[in-house]
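For reference, the sequence and a predicted model appear below.
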Amino acid sequence: MSDQQLAAPTPSSTYGAQARTWNWRRALSPTGNAGDAVFRAALFASALVLLLIVAAMIAAIASNSVPSIRAFGFGFLTSREWNPITGNFGALPFIYGTVMSSVLALLISVPLSLGVAVFLVEQAPRRIARPITFLVELLAAIPSVVYGLWGIFVLAPFLREYIQPPLANWFGWLPLFQGTITGIGLMTGGIILAIMITPIISAVVRDVLAAVPMSQREAALALGATRWETTRVVLANGGPGIAGAIILGLGRAIGETMAVTMLIGNRPEISASLFAPSYTIASVLANEFTEASDELYLSALIQLGLILFFVTFVINGAARVLVWSVTRGTSDTARA
């Protein structure tokens, strides 16, 4: 047998190589096309890069938080003292300020957001709904520092002169409305957060309500339901998505920095009064990170960032799951 005959590939080996190439393409693309396989591999690499970035962020923050975790342990979450001079650090005042300001923002924002979304989807004519929708989305694009400046020069004086004194006179027997009235404090921070998250919640709820099939509205009207009863049917069907929008707004409120820093008072204490100054995790990071020269001080601040990261991550994940449940159910109904 000659050397050329030995070097020539056999039909079986050629078929095997083609099969392996085809299987590789099929693994990357259902069509087996080389261009689709390359495109799908590029998309997978892009998504993988994002996951690696998030993992790198968690690893970097966690590694720099180790000195604080070793020094304070679980007591870091329950201690009220924050004293860089003595080296005693506790996150409870910041957790309290973050939770209370965010809850106050939701109490104000959720009814207003639902009202705006229901009006735009169910009640307003198209010629009115479009400009209002544009204005609502425009509010979401305003930088937070602009909200903070407006709060300092307009909102805080207005609350100090016209809102907080009557609340103190009428409800001063409640701990919520006791204390010195300055216009700067937990109430002001919660109100500015409510103004900032209202466009976000409204936009998401509007999309959720618009995704509810028109057949459900027609069925309710055909059974003799009033316009309000039909709206209740739509709200019930979009319930998980509405909850997701609210949680998404909560995530934005928890992570907001500049506007809250300018209006909440920035004092690490726990007070039942809405008039008293408070502090949030994002605010203390913005105010004190550049001043932290001691290793333990810096590590405590980074641990606060780690706490904020995980809380925001969990909240946004829960919101996405709830919104997906509505869109998936809508898609199934449309296919049926």
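The structure has been received and is ready for your questions.

From P165, how far out is A282?
30 Å (CB to CB, to the nearest Å). Placement of C-beta: from N, CA and C, glycine included.

More neighbours: which of the two?
The neighbour comparison of A282 against P165 (other CB atoms under 10 Å) goes to A282, with 23 against 13.

quick one: that one from R252, how far?
11 Å.

Surely L114 touches V205?
Yes - at 6.3 Å, L114 and V205 qualify as touching, with contact defined as CB atoms under 8 Å.

Centroid-nearest residue for the chain?
G251 (2.9 Å; CA atoms, centre = their mean).

dump the residue contacts of it.
G251 is in contact with T312, I315, N316, A319, counting by CB atoms under 8 Å, 6 or more residues apart in numbering.

Among those residues, which lie within helices?
Counting by DSSP state H, those place T312, I315, N316, A319 in helices.

give me every residue that touches the second one.
By CB under 8 Å, 6+ apart, I315 lies in contact with I247, L248, L250, G251, I254.

Filter those residues down to the buried ones.
Buried members of the contacts of I315, scored by 16 or more other CB atoms under 10 Å, are I247, L248, L250, G251, I254.

re earlier: secondary structure element holding the residue nearest to the centre of the chain?
Per DSSP states H and E: G251 is located in helix 239-255.

Run the chain-centre distance for that helix.
The chain centre lies 6 Å from the centre of helix 239-255; the measure is CA atoms, centre = their mean, to the nearest Å.

what do you get for stretch 54-72?
With CA atoms, centre = their mean, you get 22 Å for stretch 54-72.

And it, end to end?
26 Å (CA to CA, to the nearest Å).

what comes up buried for that stretch?
Those buried within stretch 54-72 under the rule 16+ other CB under 10 Å are I61, N64, S65, P67, S68, A71, F72.

The residue lying closest to the fourth one once chain neighbours are set aside: what's it in contact with?
Think P67. Nearest residue to P67, sequence neighbours excluded (CB to CB, 6 or more residues apart in numbering): S299, at 4.1 Å. The neighbours of S299, taking CB under 8 Å, 6+ apart as the test, are N64, S65, V66, P67, S68, A71.

Same check on G151?
Going by CB under 8 Å, 6+ apart, the list of residues near G151 reads T188, I192, A259, M262, L263.

Now intersect the residues you listed with the helices, please.
Checked against DSSP H, those include these in helices: T188, I192, A259, M262, L263.

Next, work out how far apart the second one and G265 are.
I192 is 12 Å from G265, where distance means CB to CB.

In terms of neighbours, single out the busier of these two.
A side-by-side neighbour count of I192 and G265, using other CB under 10 Å, places I192 first with 26 against 22.

List the buried residues in stretch 138-147.
Under 16+ other CB under 10 Å, the buried positions of stretch 138-147 are S144, Y147.

Correct me if wrong: G183 contacts Y162.
No - between G183 and Y162 there is no contact under CB under 8 Å: 10.3 Å.

With neighbour numbers in mind, choose between these two.
G183 (20 against 9).

Look at the more buried one and give its secondary structure.
Under DSSP: H, G, I helix; E, B strand; the rest coil, G183 falls in the coil class.

Enumerate every residue touching it.
G183 neighbours (CB under 8 Å, 6+ apart): A156, P157, L159, R160, E161, Q164.

Likewise for L306?
Per CB under 8 Å, 6+ apart, neighbours of L306: I61, A62, S65.

report the angle between the axes of the helix or strand hosting it and helix 239-255?
Secondary structure assignment for L306, by DSSP H and E: helix 295-335. Angle of helix 295-335 versus helix 239-255, following axes from the mean of the first three to the mean of the last three CA atoms, to 10 degrees, is 160 degrees.

Mean confidence (pLDDT) on helix 295-335, please.
For helix 295-335, mean pLDDT is 76.

Distance from it to the middle of the chain?
7 Å.

Check stretch 100-117 too.
Distance, centroid of stretch 100-117 to centroid of chain: 14 Å (CA atoms, centre = their mean).

List the residues that contact the residue lying closest to T98 once chain neighbours are set aside.
Once flanking residues are discounted, T98 sits nearest to T280: 4.4 Å by CB to CB, 6+ apart. Counting by CB under 8 Å, 6+ apart, T280 touches F94, G97, T98, S101, G189, V260, T261, I264.

Leaving out chain neighbours, which residue sits closest to the fifth one?
Setting aside the residues directly before and after it, G189 is nearest to I264 in space (CB to CB, 6+ apart), at 3.5 Å.

Got phi/psi on P268?
Main-chain dihedrals, P268, degrees, to the nearest 10: phi -80, psi 80.

and A236, what pLDDT?
86.

Tell me which helix or strand it sits in.
With DSSP H and E as the test, A236 turns up in helix 227-237.

how about that helix: buried residues?
Neighbour-count burial for helix 227-237 [16+ other CB under 10 Å]: T230, T231, V233, V234, L235, N237.

returning to that earlier point: the contacts of G251, buried ones only, as a PyMOL selection?
To isolate the buried subset of the contacts of G251 in PyMOL, counting by 16+ other CB under 10 Å, use the following:
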select buried, resi 312+315+316+319
